[in-house]
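Peer 1: Just the structure for this:
(2 chains)
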Number of protein chains: 2
Amino acid sequence: MAVAELTAPTCAKQGLGSSQLSYLSARTSSFRRLSFRPPRRTHSSRISCSVNQTAQAPVAVETEVPKSNKPECFGVFCLTYDLKAEEETKSWKKLINVAVSGAAGMISNHLLFKLASGQVFGHDQPIALKLLGSERSFQALEGVAMELEDSLFPLLREVQIGIDPYEVFQDVEWALLIGAKPRGPGMERAGLLDINGQIFAEQGKALNAVASRNVKVIVVGNPCNTNALICLKNAPDIPAKNFHGLTRLDENRAKCQLALKAGVFYDKVSNMTIWGNHSTTQVPDFLNARINGLPVKEVITDHKWLEEEFTEKVQKRGGVLIKKWGRSSAASTAVSIADAIKSLVTPTPEGDWFSSGVYTDGNPYGIAEGIVFSMPCRSKGDGDYELVKDVIFDDYLLKRLTKTEAELLAERRCVAHLIGGGVAYCDLPEDTMLPGEM
Amino acid sequence: MAVAELTAPTCAKQGLGSSQLSYLSARTSSFRRLSFRPPRRTHSSRISCSVNQTAQAPVAVETEVPKSNKPECFGVFCLTYDLKAEEETKSWKKLINVAVSGAAGMISNHLLFKLASGQVFGHDQPIALKLLGSERSFQALEGVAMELEDSLFPLLREVQIGIDPYEVFQDVEWALLIGAKPRGPGMERAGLLDINGQIFAEQGKALNAVASRNVKVIVVGNPCNTNALICLKNAPDIPAKNFHGLTRLDENRAKCQLALKAGVFYDKVSNMTIWGNHSTTQVPDFLNARINGLPVKEVITDHKWLEEEFTEKVQKRGGVLIKKWGRSSAASTAVSIADAIKSLVTPTPEGDWFSSGVYTDGNPYGIAEGIVFSMPCRSKGDGDYELVKDVIFDDYLLKRLTKTEAELLAERRCVAHLIGGGVAYCDLPEDTMLPGEM
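Peer 2: Purely as a prediction, here's the structure:
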């Protein structure tokens, strides 16, 4: 079979019909104009699909990617087949679209390869990755896409890269919002809220406009609870309960610290809740957590340690890691994002739960409504969750819940202008960023 | 159950008997002396297991880790259970010991989490990771171990960190040798051979002395073929065929480039051989490779492209990536190492093969004996492999095989002093490092 015979139907099968092919062709022309490269050989229409053909003259791309452009399909991922027509793939599920923002960053560099390998969504779940970056990171996005190509993941059927959330989020069923501006020198949580609020307001609007009506959104960029709130408030047509602020790394760290203290392996720790904000006011809950099925306080009799040292151990983990390793914890953060997704797409083990920062409206704990607060959740594995009712509270726990709730209410006042709440008034009393986080 | 009751039996079950506990205690004392920290609270013997308890005063560790010390078990990984005694784990295979050198580097930072997750060795294969670093990287190793703790991988039952290969390689069944000195400015392949040869000679001796008698060794550090040769020549009691030089990333890239050219998805490309050296003389073999089961030359009729552009496209990939992404290809390299292992522990699909740089003694192709040369292999999934016999050669392919063979023979002359071959004589004519590699 000759190449020329293969090319056109291959693209066409994936819905790359003539209009899209001409779009790609136009896009290629635009690249060509920008970079003053010699005209391409025209005998092969495949080349117009492949961004990595522009490797010779990438300079213009870096600064002149027009913001309104549609995302690029990348290289070999422009050329997939009809999965239903093939023996090995016809039993697979329908392709899902997963958007990742901050896709050129280190957390994504770990996460994308996990997503593509099938270990998160399952080994019969083909996946399309939509990578959102910035003009500045566009070339790095191409590099990431090249490494994904070179990894030959059978389940990874499409990769698109782009800088406009209105294009990249088109029809996505999952949006993993990792990208955010890091704190500048001397900047506190209030400053970060202000800078990143705009980004998440825009991304919420974009999701509302173009994403799947039941898209699940996990916000990682800090401050993730209030960023998730901003995002959901700007996406009124998407159920508010679909938005999550990631507290899973905190949960994992809390389990590990309890295991260390109790002298057990970490798989013996269950029912771990992180309550509240992803900040130093967060509450790792040792009252409801269990070790080998027993209440933590029965196993760890050093209650002074639980009350006075445990939370700090969990929270300082990131800072210690930066000191030792010289970088922030990208690998374990990516693991925790994968865990957070898996907890929503596989049934929660009987009697256990997981933590996620979710919208408080209708919560059974008496927590103020209208904020994103980490709480214990259970899932049937359908992407949805319900809040766990059988938890207990004592005065110590309630006092701390009140503090983290107050902080989240204050954060909400800081971003009132971004969530339709009138004029913002920011009175955050202290810097509660977790050590080692940006 | 109180903490004190749990602790001792937990350590003891894993073989941490009283002598090892006292070693740990002694080791802790040594840390304490070095860093002039106040004495630890003594009521909890667990703490002596946990390296991360030294976080408060890490300075002395960095420069004064005595080289003769045994590797440290790390934190929660000192405290595992008897797997056979537990319902969820009793059907698991016997724990395997996997050493990784260069464990604080970026490739390892991707690979270790893959190994620990079960996606490489299987989801019923518990694993002990033995991380080899240097004095300089010891704290970073601790950081990596902390992130592995925080990831809560059920299969990861032990993590040890150390700087002495004679200790770290004890009983290992796999050794993934990633660490090597990078090229200095202006250094060529010959200089790199010289610098890294010593490292791989020492590691070969260490494997010979303490590793499992059937350890499988994959050398990634460059120049990987000749490093693998040095390693195996210094490990005479381990079968020479157990040593591999990694050419799997080249194989994966070659498949991707053929797929792109043919306009097919990469899963349609099979029987891809990388012949020879992991350098610019390597030969990605389009004569024997297949696309949709057909010879590549029948599918890609642009034979000029195959002969003149294909190899360069494969080899330039790393350089293009560095330009775009600003870093070398750690993620896809880690994927290719995982692929290389999986190819040895799972049966090769009927009719297909994979490439690995292996010892040439007894090869059926007429390639000079006594070097490590990438060739097509098949495995029954038992960790072993056999060379594929049904391959064809033409003049073009043979001419290129001769060139890469000549280079490997020249590299062998450069390291003669390290492999019992007398006085070294180094006459490498040109720099054949692959673009983007260090």
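
Peer 1: Which stretches in chain A count as helices?
Peer 2: If you assign secondary structure with DSSP state H, the helices in chain A sit at A:3-13, A:18-35, A:59-64, A:106-117, A:138-150, A:165-168, A:189-210, A:224-233, A:248-262, A:296-299, A:303-305, A:311-325, A:330-345, A:395-414.

Peer 1: wait, which of the ones you listed is closest to A:K216?
Peer 2: Of all these, it is helix A:330-345 that lies closest to A:K216, at 6.5 Å by CB to CB. (C-beta placed from N, C-alpha, C; glycine too.)

Peer 1: Wondering if the closest one reaches chain B at all.
Peer 2: Yes - Helix A:330-345 lies within reach of chain B by CB under 8 Å from any CB of the partner chain, at A:331-332, A:334-336, A:339.

Peer 1: Of the helices of chain A, which is nearest A:G370?
Peer 2: Judging those by CB to CB, what sits closest to A:G370 is helix A:395-414, at 7.0 Å.

Peer 1: Could you tell me the angle between the closest one and helix A:224-233?
Peer 2: With axes from the mean of the first three to the mean of the last three CA atoms, to 10 degrees applied, the angle from helix A:395-414 to helix A:224-233 works out at 50 degrees.

Peer 1: next one: helix A:395-414 to chain centre, how far?
Peer 2: For helix A:395-414, the distance from its own C-alpha centre to the chain's C-alpha centre is 24 Å (CA atoms, centre = their mean, to the nearest Å).

Peer 1: again with stretch A:169-187
Peer 2: Computed by CA atoms, centre = their mean, the separation of stretch A:169-187 from the middle of its chain amounts to 8 Å.

Peer 1: ok, and the closest non-adjacent residue to whatever residue of the stretch 51-200 of chain A ends up closest to chain B?
Peer 2: Closest contact between the stretch 51-200 of chain A and chain B, by CB to the nearest CB, is at A:G143 (2.7 Å). Nearest residue to A:G143, sequence neighbours excluded (CB to CB, 6 or more residues apart in numbering or on different chains): B:W325, at 2.7 Å.

Peer 1: What are the structural domain limits within chain A?
Peer 2: What the record gives for chain A is the domain set A:53-243, A:248-418, from automatic domain parsing.

Peer 1: you'd agree the residue of the stretch 51-200 of chain A closest to chain B is up against B:G318?
Peer 2: No - distance between A:G143 and B:G318: 10.8 Å, which falls outside the contact criterion (CB atoms under 8 Å).

Peer 1: Alongside chain B, which residues does the stretch 101-250 of chain A contribute?
Peer 2: Listed as neighbours of chain B in the stretch 101-250 of chain A under the rule CB under 8 Å from any CB: A:104, A:109-110, A:113, A:117, A:119, A:139-140, A:142-144, A:146-152, A:154, A:157, A:249.

Peer 1: okay, the residue with the shortest distance to the centre of chain A: pLDDT?
Peer 2: When chain A is reduced to its mean C-alpha position, the closest residue under CA atoms, centre = their mean turns out to be A:L176, at 2.5 Å. What the model reports as pLDDT for A:L176 is 98.

Peer 1: try A:Q125
Peer 2: Per-residue confidence for A:Q125 comes out at a pLDDT of 97.

Peer 1: What count of nearby residues applies to it?
Peer 2: When neighbours are defined as other CB atoms under 10 Å in any protein chain shown, A:Q125 has 16 of them.
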